[in-house]
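Participant: 3D, please:
(one chain, ligands or ions: 1)
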Amino acid sequence: MVPLFWRKIKYRYDVVGSYCEKCGSYYYPKRELCPKCRRKGKLRDERFPDEGRVLSYTIVNGKIIAMIGLNNGARTLAEVCAEKVEIGTRVKKVFRRYGEDGDEGIIYYGTKFVPVC
Ligand SMILES: [Zn+2]
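Facilitator: From the prediction side, this is the model:
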């Protein structure tokens with residue numbers, strides 16, 4: 001049996017964001033409302049590319065947190081698992097284990113990026 005947990009986080013696995021048909025903006029993670037158009041916007045689910053480039057980055061507690069420009073022009077902030085990155089480094093999305101729930105043994109995954117060689 002698939003735990004409810006997995007179904008709830010479906011969107012994290014499918015790499016689905018939102019696309020506003022009115023202004024043509026992409027958003028990831030998925031949003032309920034277009035920040036530009038507000039109520040006039042028309043958002044639909046859009047599967048996102050899993051590759052992009054590092055636009056900028058900062059190091060927080062030894063982790064590289066980067067602003068990544070995805071191949072469709074959307075931007076997302078995510079951890080990059082690497083020793084170092086540079087502006088322009090090509091990265092791709094991976095799922096890394098965050099931790100385990102002791103009671104249920106459910107493993108939490110999140111979106112992270114690794115450099116593409
Ligand atoms: Zn919009």
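Participant: moving C-terminal of the lowest-mean-pLDDT helix or strand in the chain, what's the next helix or strand?
Facilitator: Per-element confidence for the chain was summarised using mean pLDDT, DSSP states H and E. The lowest value among helices and strands belongs to helix 10-14, with a mean of 50. Under the assignment DSSP states H and E, the closest C-terminal helix or strand after helix 10-14 is strand 16-20.
Participant: Gly88 in helix, strand or coil?
Facilitator: State at Gly88, reduced to three classes by DSSP: H, G, I helix; E, B strand; the rest coil: coil.
Participant: That one: how many residues sit nearby?
Facilitator: Applying other CB atoms under 10 Å, we find 9 other residues in the vicinity of Gly88. Heads up, the C-betas are built off the backbone N, CA and C, glycines and all.
Participant: Next: Cys117.
Facilitator: For Cys117, the number of neighbouring residues by other CB under 10 Å comes to 4.
Participant: Run through the helices of the protein in chain order.
Facilitator: 4-8, 10-14 (DSSP state H).
Participant: Now Arg31: closest residue in space that isn't a chain neighbour?
Facilitator: Here the nearest residue to Arg31 in space, its sequence neighbours aside, is Ser18; by CB to CB, 6 or more residues apart in numbering that works out to 4.8 Å.
Participant: which regions of the protein sit below the pLDDT cut-off?
Facilitator: Scanning the chain with the threshold set as pLDDT under 70 gives 1-15, 95-110.
Participant: Count the residues that sit near Ile64.
Facilitator: Considering only other CB under 10 Å, Ile64 is surrounded by 20 other residues.
Participant: what's Val94 in contact with, if anything?
Facilitator: By CB atoms under 8 Å, 6 or more residues apart in numbering, the residues touching Val94 are Cys81, Thr111, Lys112, Phe113, Val114.
Participant: what domains does the record give for this protein?
Facilitator: What the record gives for the chain is the domain set 1-48, 49-117, from automatic domain parsing.
Participant: from the middle of its chain, how far away would the longest one be?
Facilitator: Taking the mean C-alpha point of domain 49-117 and that of its whole chain, the gap between them comes to 8 Å (CA atoms, centre = their mean, to the nearest Å).
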